[in-house]
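**Q** curious how this folds, go ahead:
(chains A and B)
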Amino acid sequence: MRYQGFYFNMAACIGCRTCQVACKDKNDLKIGTIFRRVRHFETGKYPSPGVYYYSGACNHCAKPKCVEGCPTGAMHIAEDGTVQHNSEKCIGCRYCVWNCPYGAPQFIPELGKVAKCDGCKDLRDKGENPICVDACVMRAIEWGDLDELKARHKGEELTSDLPILSSSTIAAPSLLVHAKPAAKLKDFREKAV
Amino acid sequence: MGETSLLIFSLCMQAAIGTMLFAFLAEILYKDKRFKTAAIGSAVLAVIGVFASLAHLGHPLSALNVLSRLGKSWLSTEAVLSGVFAGVAVLYVLFLYLRSDDRNLSAGLSGIGSVLGLIAVFSMAKVYTTTSVSIWQGANTFIDFYATTVALGALLFLITSVNELKGVSKKVFGYSILAAVVLQAASTVPHILGLNEMGSAAQSSIQILNGMSSLVWTKWFLILGGAGIALYPASAKVQEDAKLNVNAFITAGAALVIGQVIGRYLFYAALVVMNVGLV
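**A** Okay, the predicted model is just below:
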């Protein structure tokens, strides 16, 4: 199966959070629910400090732990290789929330069910990009077939393993990050904004 | 109800399974006795556990959807086994009252219930160890769940079977409780030391537990103290004052139950899922 996912150019990201806001707006998410989040990190100290942003969402993993654990089959791998959620089957057990190493599934108390980033399937079905991709003013986020994304960014050092993230061996995320050197350091500190 | 319902579910179900297990063992050991009160206790706890697990769901009326992933998802397997165990526990009570003369049937039901229950405890532990929560991973969760099953089960069985066990040595129950909680305590040490070597999520869990150190110490004081108190009447000579023994068992039971409730609260309170996620 071919997998689709996000490419994130950390070197280009300025941490403006437009992707986060666009996602929240498009999915009409209420306070407390978020499908994409930009986080701000600092590393090192004077005279060699570092700073970087990480824009994270569902990584549509190849070995998704949310799918593996789901007791009803609500979480499933769709034909296009993305991880999708069938709300009709969901019983609101929240087991996927414990299983996902990236914290992607969100329990929505008003619905009594979980929801998450679907990679803007409705837009993709119309031939468009996910909303976060088109909203990014720095063009730091891209969506596509992983092999095609790798070919498009040939020559860049791409990874899905960063000290801030869980090991990619856990769920094989469909995520390609062009990381800044500072993001490879283990002494990261999150800066709340 | 969040994790409170899961606390009630897991503790009630494990206590019910343990009580059924000791009722089965006692039926084998003391062939002329029936343990109706223990059977009722096990069934009531199992039913409470099932309702608590339903209360955890956002859509409890759709709970039967879990049947679709039986054998593929540990949570599905756990839910189905727990439900079946509760059914067997209720049947066991009915047969003890309606067909009390049929010893093979009651022993058979309690035996089937015990085996199903022990597999359910295994699947319960698997539900937690296969998540992305560092502090739940490893053998400690299995040991903790089985130790709780044995310790609470043996003590609840003793308390609910005082009349049936008159004139009978209870040493095997007392030593079972003590062995279970000592193993439970001993397995915690390498588990916590191992967490120090893991990622930031595990470190966050340790920090949470450090902030609740008084609760952690209270838990072990009550659990080990409760097991110690239970050992005294359990190992006393069979003709000694029965009322004194009952009071000691109830005191031990209260200490052990409160200790295990605190322990399970800490189990959920230390929940930190991932290193850096969306929440």
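
**Q** for chain A, which helix is longest?
**A** The longest helix of chain A (DSSP state H) is helix A:18-26.

**Q** so it, near chain B or not?
**A** No. Helix A:18-26 lies out of reach of chain B by CB under 8 Å from any CB of the partner chain, never closer than 9.8 Å. (C-beta placed from N, C-alpha, C; glycine too.)

**Q** next one: stretch A:48-63
**A** Yes. Stretch A:48-63 lies within reach of chain B by CB under 8 Å from any CB, at A:54, A:56, A:57.

**Q** hmm, back to that, name the helices or strands packed onto the helix or strand following the longest helix of chain A?
**A** Later in the chain than helix A:18-26, the nearest helix or strand by DSSP states H and E is strand A:37-43. Where contact means 3 or more CB pairs under 8 Å, 6 or more residues apart in numbering or on different chains; DSSP states H and E, strand A:37-43 is packed against helix A:18-26, strand A:50-56, strand A:189-190.

**Q** what does the longest helix of chain A contact?
**A** With contacts defined as CB atoms under 8 Å, 6 or more residues apart in numbering or on different chains, helix A:18-26 is touched by A:29, A:34-38, A:55, A:57, A:117, A:120, A:131-137, A:141.

**Q** next, count neighbours for the nearest residue to residue B:102 once chain neighbours are set aside.
**A** Of all residues not flanking residue B:102 in the chain, residue B:95 sits nearest, at 7.2 Å (CB to CB, 6 or more residues apart in numbering or on different chains). Neighbour count for residue B:95, taken as other CB atoms under 10 Å in any protein chain shown: 17.

**Q** please list only the buried members of the contacts of helix A:18-26.
**A** For these, a burial check counting by 16 or more other CB atoms under 10 Å in any protein chain shown picks out A:29, A:34-38, A:55, A:57, A:117, A:120, A:131-133, A:135-136, A:141.

**Q** out of those residues, the closest to chain B would be?
**A** The nearest member of the buried ones among the contacts of helix A:18-26 to chain B, counting by CB to the nearest CB, is residue A:37 at 4.7 Å.

**Q** list the contacts of residue A:11.
**A** Contacts of residue A:11 (CB under 8 Å, 6+ apart): A:178, A:179, A:180.

**Q** quote the end-to-end distance of stretch A:57-74.
**A** 19 Å (CA to CA, to the nearest Å).

**Q** am I right that residue B:270 is in contact with residue B:210?
**A** No. Assessed by CB atoms under 8 Å, residue B:270 is found out of contact with residue B:210, at 10.1 Å.

**Q** which one's more surrounded, these two?
**A** Set side by side, residue B:270 and residue B:210 show more neighbours around residue B:270, with 20 against 9, by other CB under 10 Å.

**Q** name the nearest residue to the more buried one, ignoring sequence neighbours.
**A** residue B:205 (4.2 Å).

**Q** mean confidence for the helix or strand hosting that neighbour?
**A** Residue B:205 belongs to helix B:200-211 when assigned by DSSP H and E. Average pLDDT, helix B:200-211: 87.

**Q** contacts made by that helix with the rest, please.
**A** A:166, B:132-135, B:192, B:195-196, B:216, B:266, B:269-276.

**Q** mind giving me the PyMOL select for these, buried ones only?
**A** The PyMOL selection below is limited to those of these classed as buried (16+ other CB under 10 Å):
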select buried, (chain A and resi 166) or (chain B and resi 132+133+134+135+192+195+216+266+269+270+271+272+273+274+275+276)
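
**Q** counting contacts, what elements does the worst-scoring helix or strand of chain A on mean pLDDT pack onto?
**A** Ranked by mean pLDDT, DSSP states H and E, the helix or strand of chain A with the weakest confidence is strand A:189-190, at a mean of 91. Contacts defined by 3+ CB pairs under 8 Å, 6+ apart place strand A:189-190 against strand A:37-43.

**Q** so for the strand it packs on, what gets flagged as buried?
**A** A:37, A:38, A:39, A:41, A:42, A:43.

**Q** just the CA trace of stretch A:92-99, in CSV.
**A** In CSV, the C-alpha atoms belonging to stretch A:92-99 read as follows (Å, rounded to 0.1, in the frame of the first residue of the first chain):
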residue,chain,number,x,y,z
GLY,A,92,-16.2,6.9,22.8
CYS,A,93,-13.9,4.6,24.7
ARG,A,94,-10.9,6.9,24.2
TYR,A,95,-8.5,4.0,23.8
CYS,A,96,-7.1,5.6,20.7
VAL,A,97,-6.2,8.7,22.8
TRP,A,98,-4.0,6.5,24.9
ASN,A,99,-2.6,4.6,22.0
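
**Q** if you average the pLDDT over it, what comes out?
**A** Averaged across stretch A:92-99, the pLDDT comes to 95.

**Q** cool, and stretch B:179-190?
**A** Stretch B:179-190 comes out at a mean pLDDT of 94.

**Q** can I get it as CSV, trimmed to CA atoms?
**A** Extracted C-alpha coordinates of stretch B:179-190, given in CSV (Å, rounded to 0.1, in the frame of the first residue of the first chain):
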residue,chain,number,x,y,z
ALA,B,179,2.7,-13.4,48.8
ALA,B,180,0.6,-11.4,46.3
VAL,B,181,1.2,-7.9,47.9
VAL,B,182,4.9,-8.6,48.6
LEU,B,183,5.3,-9.5,44.9
GLN,B,184,3.3,-6.4,44.0
ALA,B,185,5.6,-4.2,46.1
ALA,B,186,8.8,-5.9,44.9
SER,B,187,8.0,-5.5,41.2
THR,B,188,7.5,-1.7,41.6
VAL,B,189,11.2,-1.1,42.4
PRO,B,190,12.7,-2.3,39.1
